[in-house]
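In: Build me a structure from this.
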Amino acid sequence: MLRFFARVKGKQGQFARNVLTLMTGTTIAQAIPLAAMPILTRLYEPEDFGVLALYMSVAAMISVVATARYELAVMLPEKNDDAASLVVLAISIAAVISFVLFILVLAFNEPIQGFFGVPAIGPWLYLLPVSVFVAGLWQSLNYWNNRAANFRRLAVSRMVQGGGMTSAQLGLSSMAGGGLILGYIVGQAVAASVFLSKKWGEDRAILHAVTLDKIRKNAKEYIKFPKYSCAGALLDNAAIQMPVLILSKFNTAHVVGVFSLMFRALNLPMSLISAALSQVLFQKLVGLHREAPERLFGFVLKVFIVLLMLMVPLVLVVWFLGPELFSFVFGEAWRDAGGYAAILIFAVAIRFAVSPLSMVLAMEHNVRMGTLWQCIYFVTIISTLYIFKGAELGTFILAFTVHEISLYFLYFCFILLGTKQHSFR
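Out: Have a look, this model is predicted:
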């Protein structure tokens, strides 16, 4: 795969080196929590994982719009001072939203507990504003470093996130489910601290040069992101979290915990690698779009095929050895989860092949098309999961998997169509 990327970039293989840097960091980042999972499943109950899954779902839904999506625009301006003004704008919006969220949690903690049907989440709702702000900070500085091709710093951030989260969850196991949630927040905080360390002196100097006039100018120039992408991203993320939310509403925390750990075990390695690819691909796609837009279609198609082929060995292993694998790694109590994983792995595979390429629809001229797909996905996932809300868990997972394969194939068609839209020319 790296040989293919190197040929695309040229003799120096800079693109391949960027991918390798981020993939090394994310591989280590995902290896740490994965290695700890067999210990965590013996320290915590399935119900604890269910509470964690619900907390992470709610935090993720709010965090995706905490910056009004202005962080996506950081890659686009030609001048660094314009990009820096977008970073400051995004972080400021995240601070305001986090403060408003804190007031809401103070006023409506009990009704929120009742809505989700999980009283155990109550005490931890007060930490949501912290999670949301730290996530907004990390997202903004993440794209700033991506713009500057600081892939080593990005890789280090991911590594310390995985290490910090896992260490805290292991150390706080006496707090039951609270240890998992606090560990998750620690991981967020230490990841953001990498971007805020003394090593980023040059970046800080640029950001300090930002003026209010520049912020206003760029907020207006890139208004399409909050105007179109924000609602679509919220719907998209809500749709992604919908299995956990619906299971929480209509099932026990035990069922939620089984589903969330199974999905995390399958999806965590793939999602982290996919995120690393997305970072590097976004830079490559923007460059191709400016310099040789006619090559975008072929490049995207080839990357999709390569990523899909990479998933074949994992699909075969989980399909044939799922129950044995889960019982050996996580304990005999998790054997049934391995059987469900044999179905769910197909959804993970199609997500892995398509998601990194979604950056095509993050380009300014494709934002509306991306929002359209997000709306379609939101409506169909809610409809599908609501219909099967009372079904046995295996049937619920099968319905979810069929939906994912169908909708992500449609997503890929949208992406290919987006490669044909050439706004620069």
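In: make it CA atoms for all contacts and neighbour counts henceforth
Out: Will do.
In: which regions of the stretch 201-350 of the chain sit below the pLDDT cut-off?
Out: Scanning the stretch 201-350 of the chain with the threshold set as pLDDT under 70 gives 201-203, 269, 271-273, 275-276, 278-280, 283, 286-287, 289, 292-293.
In: For the nearest residue to residue 402 once chain neighbours are set aside, grab the count of nearby residues.
Out: Counting by Cα to Cα, 6 or more residues apart in numbering, residue 347 is the residue found nearest to residue 402 once chain neighbours are left out, at 7.6 Å. Using other Cα atoms under 10 Å, residue 347 is surrounded by 23 other residues.
In: cool, and residue 42?
Out: Neighbour count of residue 42, defined by other Cα under 10 Å: 12.
In: one step back: C-alpha coordinates for whichever strand or helix holds the residue nearest to residue 402, CSV please?
Out: Under the criterion of DSSP states H and E, residue 347 resides in helix 335-354. Output in CSV follows, covering the C-alpha atoms of helix 335-354 (Å, rounded to 0.1, in the frame of the first residue of the first chain):
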residue,chain,number,x,y,z
ARG,A,335,-18.1,-15.4,23.8
ASP,A,336,-21.5,-14.4,22.5
ALA,A,337,-20.1,-11.0,21.5
GLY,A,338,-17.7,-12.8,19.2
GLY,A,339,-20.6,-14.4,17.4
TYR,A,340,-22.2,-11.0,16.9
ALA,A,341,-18.8,-9.6,15.8
ALA,A,342,-18.8,-12.1,12.9
ILE,A,343,-21.7,-10.1,11.4
LEU,A,344,-20.6,-6.6,12.4
ILE,A,345,-17.2,-6.9,10.9
PHE,A,346,-18.7,-6.4,7.4
ALA,A,347,-20.0,-3.0,8.5
VAL,A,348,-16.5,-2.1,9.9
ALA,A,349,-14.9,-3.1,6.6
ILE,A,350,-17.0,-0.9,4.4
ARG,A,351,-16.6,2.0,6.8
PHE,A,352,-12.8,1.6,6.8
ALA,A,353,-12.6,1.7,3.0
VAL,A,354,-14.9,4.7,2.5
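In: before we move on, back to that, residues in contact with the residue nearest to residue 402?
Out: Applying Cα atoms under 8 Å, 6 or more residues apart in numbering to residue 347 gives the contacts 401, 402, 404, 405.
In: Which pair of those spans the longest distance?
Out: Spatially, the most separated pair among the contacts of residue 347 is 401 and 405, at 6.3 Å (Cα to Cα).
In: Find residues that contact each of those two.
Out: 346, 347.
In: Would you mind giving the domain segments of the chain?
Out: In terms of domains, the chain is parsed into 1-35+224-425, 44-222 (source: automatic domain parsing).
In: Which positions in stretch 208-220 come out as buried?
Out: Buried residues in stretch 208-220, defined by neighbour count with 16 or more other Cα atoms under 10 Å: 210, 214, 215, 218, 219.
In: Ok, stretch 303-322 next?
Out: Buried residues in stretch 303-322, counting neighbours by 16+ other Cα under 10 Å, are found at 303, 304, 307, 308, 311, 315, 318, 319, 322.
In: wouldn't residue 18 be in contact with residue 151 here?
Out: Yes. Between residue 18 and residue 151 a contact is recorded at 6.4 Å, counting by Cα atoms under 8 Å.
In: okay, the two: which has more neighbours?
Out: Taking residue 18 and residue 151 together and counting by other Cα under 10 Å, residue 151 has the greater number of neighbours (24 against 20).
In: what about that one, distance to residue 290?
Out: Residue 151 sits 22 Å away from residue 290, going by Cα to Cα, to the nearest Å.
In: dump the residue contacts of residue 129.
Out: Applying Cα under 8 Å, 6+ apart, the residues contacting residue 129 are 98, 99, 101, 102.
In: all helices for the stretch 101-250 of the chain, in order.
Out: Assigned helices in the stretch 101-250 of the chain, in chain order: 128-147, 151-171, 177-195, 201-208, 212-221, 224, 230-250 (criterion: DSSP state H, counting those that start in this stretch).
In: Now tabulate those helices in TSV and tack on distance to residue 419.
Out: Putting those into TSV (distance: least, Cα to Cα, whole Å) gives the following:
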stretch	distance to residue 419
helix 128-147	21
helix 151-171	25
helix 177-195	32
helix 201-208	32
helix 212-221	23
helix 224	19
helix 230-250	20
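In: what does stretch 251-264 contact?
Out: 46-51, 53, 118, 244, 247-248, 334, 337-338, 341, 344.
In: Go ahead and produce PDB holding the CA coordinates of that stretch.
Out: Output in PDB follows, covering the C-alpha atoms of stretch 251-264 (Å, rounded to 0.1, in the frame of the first residue of the first chain):
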ATOM      1  CA  ASN A 251     -32.500  -2.200  26.700                       C
ATOM      2  CA  THR A 252     -30.400  -2.700  29.800                       C
ATOM      3  CA  ALA A 253     -26.900  -1.200  30.300                       C
ATOM      4  CA  HIS A 254     -25.600  -4.700  30.100                       C
ATOM      5  CA  VAL A 255     -26.800  -5.100  26.500                       C
ATOM      6  CA  VAL A 256     -25.300  -1.600  25.700                       C
ATOM      7  CA  GLY A 257     -22.000  -2.600  27.300                       C
ATOM      8  CA  VAL A 258     -21.800  -5.900  25.200                       C
ATOM      9  CA  PHE A 259     -22.600  -4.100  22.000                       C
ATOM     10  CA  SER A 260     -20.300  -1.100  22.700                       C
ATOM     11  CA  LEU A 261     -17.200  -3.200  23.600                       C
ATOM     12  CA  MET A 262     -17.700  -5.500  20.700                       C
ATOM     13  CA  PHE A 263     -18.000  -2.600  18.200                       C
ATOM     14  CA  ARG A 264     -15.100  -0.800  19.900                       C
END
